[in-house]
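1. Provide a 3D model corresponding to the input given below.
(4 chains)
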Amino acid sequence: MSKFEQALADKDFVLTVELDPPRGVALAPLLELAGRLAPRVDALVVSDNRGAMPRLSALAAATRLAAQGAEVVLTLTCRDMNRLALTSQMLAAGAAGIGNLLLVSGDYVSLGDHPGAKPVYDLDSVQALGLAVTLASGRDLAGQELDGAPSFCLGAAVAAQSDPLPPQLIKLKKKAQAGARFIVTQPLNGLEELQGFCRQTATLGVKVLAGLEVADPGQRQGVVGLLREIRGSGLVAGAHLSMPAAQDDLPALLDACGL
Amino acid sequence: MKSPNRHGVFLCQGGHGGQESLDFKRLRWTAEAQGVPVFEVTQACAQEGAAAVARLAAEGGLDAFILGACPLAGPGGPLAGELWRAGLKPEMVQHLDLCQKPLGQTGQCLVMDGGALALDQALVVQAARFQPESREMEVSRRVLVLGSGLLALKAAQGFLLGGYKVLLITPGRRLAPPEPLLGLEAKLEATALARELEASERLEVVPRGELLRLAGSAGDFTVTVLDRQRRRWTRRVGAVLVTQGPATRLNSGETGLEPGPRVVSLAELLLWLSSPEHFRKKLPAQGQPRVGLAVGLGQEASPLSLRVACLAARGLVGELGAEVTLFTGQAKMASPDLEELTQEVRGLGVVFVKFDNHRPQASPRPDGVGLRYFEEILGRELSQDLDLVAVDEVPGPDQAWRGLARVLGLNVARDGSLQPDQVNALPTASARAGVFLLGPASGAWDLPAALDQVGQALAGARALLGQGKARVEEGRVRVDRRRCAICLTCVRVCPRQAMDRRDRRPAANPLACTACGTCASECPMEAIQIAGQDDQRFAREIGAAVSKSPSGLLAAPEREMLVFACANSAGPALAAARLAGRPWPSGVRLVRVPCAGKVDPAYVLWAFQQGLDGVLVLGCYEDACHSLTGGTWAAYRAGHLSRLLTEAGCDPRRLISSGVAPNMHAQVMDMVEQARQRVEDLGANPLKTQARVRDFLSRFTVRIDETYAIAG
Amino acid sequence: MAERYDPKVLALICTYCTYTAADMAGSMRLQYPSGVRVVKLLCTGKVDVLYLLEAFRAGADAVMVSGCEIGDCHFLEGNLRAKERVAHAKELIAEAGLDPGRLEMFHIGASDAPKWAEAVRQMTRRAQELGPNPRGRQKAQPLAAEARP
Amino acid sequence: MIVAQRKDFEQIKAAAADFRKVLVVGCGTCVAVCLTGGEKEAGILAAQLDLASQIKGEEKSFAVACVERQCDLEFLDELAETVLDHDALLSLACGAGIQLLAERYPRVPVLAGVDTTFIGINRDVGLWEERCRACRSCLLTTTGGICPVSLCPKGMLNGPCGGTRQGKCETDPERDCAWSLIYERLAGLDRLENLSAIVAPRDHGARGQPGRQVHPAYLRRYSAHE
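-> This next block holds a predicted model:
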């Protein structure tokens, strides 16, 4: 059981932050930032070409972070990899001691900066979870026995504020069935979104992490307040913070939240 | 297009005409349901009633009718005389006994139980009696002959004598090239013939021409020709004769005998032999010439090759005193006089070396050929130095020939010929009606034999074209333009390529069409119907094959089976068997089809839906189908049907297909009996009872018609 | 433009509105350029993109299509269809290298003779400015020759 | 039916630049229905190309032919003579038709005049919508007759991605989210239970590429074993 999974089980409120690998080879600043964040959160979530914009490989970054002792959640998207590539990435993650995966479909390529790229989507996120579970059972999708099986705490994403919500819930149920232990919501705007959502997901047996994003500095205070509200509401198992435009300020955000 | 024959039904109401019974109504509905006019008469057994029938038949312009009445109105009754009097032929009436108790005994006529079923069957038979109207069709009296040499010239001569025009496209420049296999005399004959024909105004020769396209169908082809000046033009022709064959290569196999100054073909050798002095100059001057002849060292050789080799050997020994060795691999001996011929040349001192497992190895040199080989009888290696080796020929992989085949719409068979592997295509028919094959094009590499084909092909083409007008039967195959999706399936499956495309949609050329019905069965839109053989008819025949008697509901049902019999093979065989007194098994109903290719998969499925216990399809053997490929298509469908039946949960063994030949009257009834036995063992079709109950209940379904109209 | 030339303008017009206007322009003695050649169609809905291309192929310097005022078409929406086709043909001739200004759609009511005269003047002026059809007129094809009403 | 759209004119012109006599070959089936490659469009394209080449003063000629279907050899045979008079064939058929045309006349260069876009439906004159990806594993039975493979950009098989916004797709606010439509349709049919089972990953390669399909009735005819 990974440290993060342990935390999900034990703690009332877990905290994760999202880190983007660099757009280039300069990994040192990320390692330094991670070194400062790691002691203050339960896991660092390494994003995978977030927003359909290519960056240094999430696996490579996560491997380095794990090597320096951080608890890492590796994000893998179905957009960029077929089942072969996903398999090898998951095995590599397992070998690197990364015990947590966040498996997502991924934003469509046309939303990123390479709109002409060929989207893969060989598997969808439910099927990707199935793949990870299969690997953990010691076999690949072809049924071949693995030389050493990885072990993962699996997570998936959900749009809690989606409209209509029921189709999301149907899929969320499948994700839970397929092996997801925790769910990260897309960035929330207010507590109400979460209340409606949580009423309907209480029986699924997955831990929900509320996604909170500071898209620009002006939103910072609002996010701080929302986090406090969410934490106080007891609705969810934790929160997932991201500052895509300025992740170097994440320590300061944690300061502001008093975490 | 002619309107179909007019039929009618007369129903006799008996003496009083009073109240219609339900059974009588059922008779009327049965006839009406098939769109046949119904006339009701009284006392057809009496003079007055019979006269009324005759008068109505004449007024209605009927070609045939059914009289449903009691036996008193039957053939012995007064109707025949009345018909004569009305100027009609008594054969036009089909009597049907429908009355259980003739008038007089009870004062009322009672319709027989099951009368409607009997009428239904009679109507099916009547509707199938389609007599197509014949008409004259304009056909072209020009014939295209492809090829040169004696074969082409003889064919052209035949047509010119018959008053036809001939378009002759020759592959080379000369009209009469050398005829090596037939020797000098044939060459002289061909030259003379060429000179004679060239004078004819009705012959148009295109030397080194190329056939670009053959559009249209029998009697009315349009050919596009590319001439030597690269000009393109078209002609209308009625028929095409192909007298040329594919290019050949030496049948050397892996021996290393490549064509060269010292390695030639047997045909070339014969050509040289026609002038021995000339031949001598090709060989070393001194000593006895040593010649090797090789047959069948690559693929199996035809009897012709061995014969040519023997003839060459005889000439070589006789005329030149040569020392001859004849090497043979696999060669066919199946030809009259070949055995004698080989004995004769053995007697002349020709050495035969036969290879079963080994092959010689050649090392050609400028002055001759060295041959090393393992003598299988002696069991040791031998080698021989030869001045010349002649090898038999086989068709080569000729792209030009394949191109011509494509233009003609034919396939190249393994032997290089264009003829389908089908006894019914022999000797000169091709898979495209109006295209005739002679010589190598038909697989006959033996030129003397090919010359015999000329007469056959001439007869075939003349039968097709007549004297510029051909009698054709109109309206046998109808393509419904509204349904047709122009998918070309009919064009592709037609065994004789009779489907022409005019006004965009396919239409059967009556000159080429044999109405085998393969197209109708394959048409994915049900757009094609064969007159007298349409889907409705078969639906009714299948319906009529199921016993509908109410008593059958109570008794243990008898096994019922349908036999589809091809009119070309099973039809005559069954007829002969019946004549020979073989009894017809009960519960088996015969449905004739023009060809097994007409059996639509839907018919078989309908039969099982209707509750029949088994279906037997009796067609020709696959390589003896009279419509060339109709049986082949039927066989594809049989396999498909087995799968469909299995998928539907119906035992596929209930469907039985067998090949039968027309002369198999002794066996055909056994086939039917075996099939019936198999069906017996398989038990009743689970749908049988349901189908019967449904039908039985339909008797009591009230139909609203004027008789039942509520007064007021 | 070094040399003056008389542009050939082909006008495809409808019977009900524009033709009446053109007719009236004649009886009103309105002055307009003589280089216009009129093809009368029952409705401009009959205008085919191919006609327009053929007109330029045949050497027309400008082509105008003129139908009824919008909403007044005798065939309800023939003029609207024509308008769309003219717009499409403009793109096609532009791709082929002709100035799309050589082709225009007009809507001229039956009583609007001055508007007709002005439209012809406008197209002629445009053709003057754009110069002769670069395709040249030397190989004029039958379509243009037969195009006079 | 198959939908195609005409290539950019510059592209076509450039492709035809090396040839003096070009035959524009239309196809009378799908591409005619989608107003892209039928006889009329072939005529328009030929006229346009002719106009463009004459404006540039080039000695070129363009002719038009249209066959019923370019994906059937029988119809292509009709061009046998015409083709001889031309240096290049500019086909307005879908990719399948263009390939068969090239196969039938291997000695004449064949140029593509259209881009084949999708398998779709005729919504109105001049409006077509994609409805099928020919994915060989149809899910429409369970998805209420709405295809997630062709209508969802990501081809999600188990439900919507997180990008749905008010029932619209993350890639385009005008585009309906396929999974929202599927949900509504199934809810209306009271068949939402169709969605409960996890759909396994699609088999992309069961029969290999390129596709070859034999009607079961003719397996014997085309099986490799005979």
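
2. OK, contacts around residue 52?
-> By default, I'm working from chain A. Neighbour list for residue A:52: A:79, A:106, A:107, A:108, A:109, A:110, A:111, A:112, A:113, A:114, A:117 [criterion: C-beta atoms under 8 Å, 6 or more residues apart in numbering or on different chains]. For every residue, glycine as well, the C-beta is placed using N, CA and C.

3. wrong one, I was asking about chain C
-> Residue C:52 makes contact with C:12, C:63, C:65, C:85, C:86, C:89, C:93, C:103, according to C-beta under 8 Å, 6+ apart.

4. sorry, back to before: among the contacts of residue A:52, who's most crowded?
-> residue A:106 (29 neighbours; other C-beta atoms under 10 Å in any protein chain shown).

5. In three-state terms, label that residue for me.
-> Of the three states, residue A:106 takes coil under DSSP: H, G, I helix; E, B strand; the rest coil.

6. And the contacts of the lengthiest helix in chain D?
-> Secondary structure assigned by DSSP state H gives helix D:39-55 as the longest helix of chain D. With contacts defined as C-beta under 8 Å, 6+ apart, helix D:39-55 is touched by C:48-50, C:53-54, C:56-57, C:92-93, C:95-98, C:134-136, D:6, D:9, D:12-13, D:16, D:22, D:24-26, D:28, D:31-32, D:35, D:60-66, D:90, D:92, D:113.

7. Please flag which of these sit within helices.
-> Mapping these onto helices (DSSP H) picks out C:49-50, C:53-54, C:56-57, C:92-93, C:95-96, D:9, D:12-13, D:16, D:31-32.

8. Excluding chain neighbours, give the residue nearest to the residue of chain C found nearest chain A in space.
-> Closest contact between chain C and chain A, by C-beta to the nearest C-beta, is at residue C:95 (24.1 Å). Sequence neighbours aside, residue D:9 is the residue nearest to residue C:95 in space, at 3.7 Å (criterion: C-beta to C-beta, 6 or more residues apart in numbering or on different chains).

9. pLDDT averaged over stretch B:371-380, what's the number?
-> Mean per-residue pLDDT for stretch B:371-380: 87.

10. Flag every buried residue along that stretch.
-> Residues of stretch B:371-380 classed as buried by neighbour count (16 or more other C-beta atoms under 10 Å in any protein chain shown): B:371, B:373.

11. the helices in the stretch 601-712 of chain B, which residues?
-> Ranges of helices in the stretch 601-712 of chain B, per DSSP state H, counting those that start in this stretch, are B:601-609, B:630-648, B:665-682, B:688-698.

12. and the angle for the second one with helix B:601-609?
-> Yep, that's helix B:630-648 we're talking about. Following axes from the mean of the first three to the mean of the last three C-alpha atoms, to 10 degrees, one obtains 40 degrees for the angle between helix B:630-648 and helix B:601-609.

13. What lies in contact with helix B:630-648?
-> Contacts for helix B:630-648 (C-beta under 8 Å, 6+ apart): B:493, B:495, B:516-518, B:521-522, B:566, B:595-599, B:601, B:604-605, B:608, B:617, B:619-622, B:625, B:651-652, B:654-655, B:657, B:659, D:215-221.

14. Please indicate which of these are buried?
-> Neighbour counting with 16+ other C-beta under 10 Å marks B:493, B:495, B:516-518, B:521-522, B:566, B:595-599, B:601, B:604-605, B:608, B:617, B:619-620, B:622, B:625, B:651-652, B:654-655, B:657, B:659, D:217, D:220 as buried within the contacts of helix B:630-648.

15. This completes my enquiry, with thanks.
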